[in-house]
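[1] Have a look at this prediction, sequence included:
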Amino acid sequence: MASSLCLHLQTCSHLGCIAAAKAAAPSMVATANKSLCPFLKRPFLPNFCLPSGSSADLCERQPLRSPELVALEYADLNLSHKIFEEAGHVRVRQHVNPLSSSFSVPTPAPNWDEVFKDPKLPLMVDIGSGSGRFLLWLAKKHLDSRNFLGLEIRQKLVKRADIWVKELGFSNVHFMFANATISFKQIISSYPGPLMLVSILCPDPHFKKRHHKRRVLQKPLVESIVDSLMPGGQVFIQSDVLEVADDMRLWFDSEANVLKHIDKLDRSLLCDKDGWLLKNPMGIRTEREIHAESEGSNVYRRMYQKYT
Ligand SMILES: C[S@@+](CC[C@H](N)C(=O)[O-])C[C@H]1O[C@@H](n2cnc3c(N)ncnc32)[C@H](O)[C@@H]1O
């Protein structure tokens, strides 16, 4: 079985095939994305291949690129690919400029009764939700106990995520086209339940100094997040760009009168010597995170909790 899957995966990255591979040998696949080829610096599936040559030879036969790693990590969702016919091709290259006039009108809050089956459940908000797979995975895990809201500035990504929500039939997850920097407060203030978690994961870096004001996290958003969180609510930030992670960290570290870093409260969550969490505490990686780690990059994470 393993060898035939190996051959098949060399030629096919179809989601169904990857899901089948995962079902056939979940532990093998689980280790795949943690294995970096020492020669190509790319992940590979050593356990699917019957070793017949050197490690380099194995890697040549089985390199996995980040879209395939994403498909593997999210295989449980079994998301359809026919979607391109409905949503159009979703190719994300350039960063959008959130300061342009087309993104400067705040998005009104939805009718919460229409978007969630139970709008009083604790809410998690993912700012810059990208494809939405990360929230869909979490929504599946907490179907009856939590709601999930993705705020995303690219309409095409929202459209595709919406199609996936309908396909999966989940009533605890919703995606909105919004510039989170200016719309978060207005949207969240009318939510009838508690805000338990806000994540900002691998936000667009906008490297040039004169573009830093385009970064999603600005002082008013930090204040709105901190104000809106329920007592005991959490903020999770991460980036593979140290400068961006440092920037977000500074904002939340400076709220030390209301927020405490999680390692002070939960001794099982360890940090490195610089105070970055050693592991992603969410149980699943985001797409950008998978991509960064597959390239051998570090991901810098912090998680804060509001005082009770
Ligand atoms: C690098 S991607 C990361 C996506 C996802 N969080 C991940 O880790 O894979 C950053 C996302 O944030 C979105 N974004 C950027 N500025 C935003 C804003 N002001 N409001 C909402 N979304 C924004 C981008 O369109 C993009 O999808």
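    Everything's here; your move. Numbering: from 1, shown residues only.

[2] Show residues contacting stretch 123-130.
    Stretch 123-130 is contacted by residues 92, 134-135, 138, 146-153, 157, 161, 175, 180, 184, 188, 191, 193-204, 216, 221, 286-288 when judged by CB atoms under 8 Å, 6 or more residues apart in numbering. (Each C-beta comes from the backbone N, C-alpha and C, glycine too.)

[3] can you do 7 Å?
    Contacts to stretch 123-130, defined as CB atoms under 7 Å, 6 or more residues apart in numbering, come from residues 134-135, 138, 146-152, 157, 175, 180, 188, 191, 193, 195-201, 203, 216, 286-288.

[4] Filter these down to the ones in helices?
    134-135, 138, 157, 180, 188, 287-288 (DSSP state H).

[5] What about the ligand: which of those residues touch it?
    On the criterion CB under 6 Å from any ligand atom, 157, 180, 287-288 are the entries of the ones in helices among the contacts of stretch 123-130 that sit beside the ligand.

[6] Most neighbours among these, which one?
    Counting neighbours by other CB atoms under 10 Å, residue 180 leads those with 29 neighbours.

[7] That one contacts residue 217, correct?
    No: using CB atoms under 7 Å, residue 180 makes no contact with residue 217, being 9.0 Å away.

[8] residues in this protein within reach of the ligand, list them.
    96, 98, 127-128, 130, 151-154, 157, 179-181, 201-204, 216, 286-289.

[9] Buried among those residues? Make that a ChimeraX selection.
    Buried residues among the residues of the chain next to the ligand (16 or more other CB atoms under 10 Å), as a ChimeraX selection:
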select :98,127,128,130,151,152,153,154,157,179,180,181,201,202,203,204,216,286,287,288,289
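
[10] Let me know the pLDDT of residue 42.
    On pLDDT, residue 42 comes in at 44.

[11] can you pull the contacts of residue 106?
    Contacts of residue 106 (CB under 7 Å, 6+ apart): 182-183, 186.

[12] which regions of the stretch 101-250 of the chain sit below the pLDDT cut-off?
    Applying pLDDT under 70 to the stretch 101-250 of the chain flags no residue at all.

[13] Do a quick rundown of the strands in it.
    123-127, 147-152, 173-177, 195-201, 229-239 (DSSP state E, counting those that start in this stretch).

[14] Please name every helix or strand in contact with the second one.
    Applying 3 or more CB pairs under 7 Å, 6 or more residues apart in numbering; DSSP states H and E, we find strand 147-152 packed against strand 123-127, helix 133-141, strand 173-177.

[15] So which residues of this protein form helices?
    2-11, 15-24, 26-32, 55-61, 66-73, 83-87, 112-115, 133-141, 155-168, 180-189, 219-228, 242-253, 287-294.
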